[in-house]
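[1] I would like the atomic coordinates for the input below:
(2 chains)
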Amino acid sequence: MSDATKASNFIEEIIYEDLNNGLSQDTLRFRFPPEPNGYLHIGHASAICLNFGLGEKFGQPVNLRFDDTNPAKEESKYVDAIQEDVKWLGYKWDNLCYASDYFQELYDWAVQLVKDGKAYVDSQSSEEIASQKGSPTEPGVDSPYRNRSVEENLALFEGMKNGDYGESEHVLRAKINMQSTNMLMRDPIMYRVVNRAHHRTGTDWKIYPMYDWTHGESDYLEQITHSFCTLEFLPHRELYDWFLDQIVDPNKIRPKQREFARRNVSHTVTSKRKLQKLVESGVVTGWDDPRMTTISGLRRRGFTAASLRNFATSIGIAKRDNLVDLNHLEFHLREDLNKVADRVMCVLDPVKLVITNYPDDKVEMLQAENNQEDDSRGFREVPFSKELYIEREDFKEEANKKYFRLSIGKEVRLKNGYIIKGEGCIKDANGNITEIHATYDPDSQSGSGSEASLRKVKGTLHWVSAAHAVPVEVRLYDRLFTVPSPDTDKEKDFMEFVNTDSLEVITAMAEPSVKELEVGTSVQFQRIGYFCVDKDSTEEKIVFNRTVGLRDTWAKIDA
RNA sequence: UGUCCCAUGGUGUAAUGGUAACACUCCGGUUUUUGGUACCGUCAUUCAAGGUUCGAGUCCUUGUGGGACAACCA
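    All right, here's what the predicted structure looks like:
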């Protein structure tokens, strides 16, 4: 992909340093290790792009590994969804791995640790163990079971494995140091009994390994050279290394854990727990609600995989706390959509416009460019007639110089059509405009090459022919939270910052060509924004999601 | 009251002891049959104070501020 010569962040620097110290480039191997207990979100997307991006940069494999050591929380539906999301993002893994595939190796190594006096069975309650653990500022104390004999430990551990004991009766702990300043080193639990069927191993196992015991050893088994994770795992590194020390063969690759700051995006939350609360409380309609920053939500909203990848690359990677402005994501989204989305005309807030000097029954098919950024997209036909719809906000009876749109006595261009001049309007009893009247210049048709067609007018409006218009449902989404960082407030719960106006559903009038669009297709409603066809669409009614609006400098002037 | 991590414009990253760079946002402008796109321009001497050095964003010290760590979760 890119030439591997220069580090663009501290993560790559670590790799180059290892390469310079003799590590061979063709041994490089990375991994993305999600737990299949929920749906992936934008934060995972960054991690995916980092690890798979490294694989591309160095031309080396990346494994997708499910960290499935907790049968109480994990389900195979998440395994499937995660694979779909990674694929959709455009990446291919080398090996599809499961930590559960390593249960036997892990168990055998654990037995060895017991024999070496490096692990013991503790028979206290979890409360007792917790209280003996001390606190970040106070050292822990040794368990009364810490010095059980190897024989007793072996027998007990085997009993745990065979299902002789219930949950919480015994756990296997590593014998490290209860006085360590690092709480993770205070005799961490390696195994616990769980009486639950695992989504892959069924009831084969009664004991399940903990994260710390599993992760580094899994990396080692897969011969991962660099195991990158978020900063919250930094204190785990000492333990990661300690566990590796117990089993590593010096002739094999010893994996290295390094940490980076998770990347936060403003006006959203990215923890499974919080996303789940949004779903359960009914704030959103599901995990793939277009307002959700899950990958499935973003996909349904109309985000492109390329825009997510470009975003991840452009924001870089470092170790300090960050909150990336949503604008940044939207920039990359518009940048991509501008190139790939065909243009279409759709009026969101219609008001009738009558061209008084246009023949009553005439219908013309006008040629409209599909995408001015891409000639290969060609043209489509749009019907034009005497009665049209335009946006209500595109007409004012009187307007100042800054208003480029239609007003009485002024001219504007109808996109792909004619130049028209405002003549008057009809109002109802409340003073609301119900119909606008204008005259057109028959010689001014777009693309005709006539002198009149080349005249410069300040404004251009989109429109649809009233008789041909297709009513469509449009879901206008706004940011889900009212503040940039909803989950960092010391007093208030993030749910208090939910934007109650994050969805507005309207019926709009679209040009006939939208009937041909397939679910998932993105288009630009000209002068408005990017929209995609939602899966809720039916034969009778097309449903569009607003992905993101166009940049709107007029809104700023008008405000 | 411990251990560890971090600190560069409004935002995110870069600068590997040698003139603070790039992108986004904002603001201003050019082009335009999308008030879109594209293009151009303005906006920081790097948390503070000392020190080392010919030279410090970078190294050292001390502060200040922010963050992580006490699940039989990952």
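[2] What are the neighbouring residues in contact with the residue of the stretch 401-550 of chain A found nearest RNA strand B?
    Residue of the stretch 401-550 of chain A nearest RNA strand B, by C-beta to the nearest atom of the strand: residue A:446 (2.4 Å). For glycine as for every other residue, the C-beta is placed from the backbone atoms N, C-alpha and C. Going by C-beta atoms under 8 Å, 6 or more residues apart in numbering, residue A:446 touches A:366, A:367, A:413, A:415, A:416, A:417, A:418, A:453.
[3] go again using 7 Å as the cut-off
    Residue A:446 makes contacts with A:416, A:417, A:453, as judged by C-beta atoms under 7 Å, 6 or more residues apart in numbering.
[4] List just the nearest of those residues to residue A:534.
    Distance to residue A:534 across the contacts of residue A:446 (C-beta to C-beta) is lowest for residue A:416, with 26.5 Å.
[5] So the closest one is in contact with residue A:364, correct?
    No: using C-beta atoms under 7 Å, residue A:416 is not in contact with residue A:364; the gap is 10.7 Å.
[6] Between the two, which is the more surrounded one?
    A direct count of neighbours by other C-beta atoms under 10 Å for residue A:416 and residue A:364 places residue A:416 higher, at 24 against 15.
[7] Which residues of the stretch 51-200 of chain A lie near RNA strand B?
    A:67, A:69-70, A:72-73, A:124-126, A:129-130, A:133, A:135-137, A:167-168, A:171, A:181-184, A:189, A:192-194 (C-beta under 7 Å from any atom of the strand).
[8] Weed out the non-buried ones from those residues.
    Buried by 16 or more other C-beta atoms under 10 Å: A:67, A:69, A:70, A:124, A:129, A:133, A:171, A:184, A:189, A:192, A:193, A:194, out of these.
[9] Farthest-apart pair in those residues, please.
    A:67 and A:124 (27.2 Å).
[10] Which residue ranges of the stretch 351-500 of chain A form helices?
    Counting by DSSP state H, counting those that start in this stretch, one finds no helices in the stretch 351-500 of chain A.
[11] Residues of it that sit close to RNA strand B?
    Counting by C-beta under 7 Å from any atom of the strand, the residues of the stretch 351-500 of chain A near RNA strand B are A:371-373, A:402-405, A:413, A:415-416, A:444-447, A:453, A:456, A:459-460, A:488.
[12] 6 Å - rerun?
    A:372-373, A:402-405, A:413, A:415-416, A:446-447, A:453, A:456, A:459-460 (C-beta under 6 Å from any atom of the strand).
[13] most neighbours, which of those?
    residue A:416 (24 neighbours).
[14] Run through the residues that contact that residue.
    Applying C-beta under 7 Å, 6+ apart, the residues contacting residue A:416 are A:366, A:367, A:368, A:382, A:446.
[15] Just the buried positions in stretch A:73-81, please.
    Quick answer for stretch A:73-81 (16+ other C-beta under 10 Å): A:74, A:78, A:79, A:81.
[16] Please narrow those residues to those residing in helices.
    A:78, A:79, A:81 (DSSP state H).
[17] Now do the contacts for the closest residue to the last one other than its chain neighbours.
    When you say that, I think you mean residue A:81. In space, and not counting its chain neighbours, residue A:81 is closest to residue A:39: 5.8 Å by C-beta to C-beta, 6 or more residues apart in numbering. Going by C-beta under 7 Å, 6+ apart, residue A:39 touches A:81, A:287, A:294, A:296.
[18] Neighbours of residue A:498, how many?
    18.
[19] beta partners of it?
    Beta-bridge pairing of residue A:498 under DSSP bridges involves residue A:481.
[20] That one: what's it in contact with?
    A:283, A:480, A:481 are the contacts of residue A:498 under C-beta under 7 Å, 6+ apart.
[21] residues in the stretch 201-350 of chain A within reach of RNA strand B, list them.
    A:210-211, A:231-232, A:234-235, A:261, A:314-316, A:318-325, A:327-328, A:331, A:335, A:338, A:343.
[22] Just the ones in helices from those, please.
    Per DSSP H, these map to helices at A:211, A:314, A:315, A:327, A:328, A:331, A:335, A:338.
[23] give me the number of residues near the second one?
    What it means is residue A:314. 12.
[24] separation between the closest residue in space to it that isn't next to it in sequence and residue A:451?
    Nearest non-adjacent residue to residue A:314, counting by C-beta to C-beta, 6+ apart: residue A:332, 6.7 Å away. For residue A:332, the distance to residue A:451 (C-beta to C-beta, to the nearest Å) stands at 42 Å.
[25] Among these two, which residue is more densely surrounded?
    Under the neighbour definition other C-beta under 10 Å, residue A:332 and residue A:451 were set side by side, and residue A:332 has more, 22 against 9.
[26] so who does that one touch?
    So residue A:332 contacts A:307, A:310, A:311, A:314 (C-beta under 7 Å, 6+ apart).
[27] I'd like these written out as a markdown table, with secondary structure added.
    Below are the contacts of residue A:332 laid out as a markdown table (DSSP: H, G, I helix; E, B strand; the rest coil):
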| residue | secondary structure |
| --- | --- |
| A:307 | helix |
| A:310 | helix |
| A:311 | helix |
| A:314 | helix |
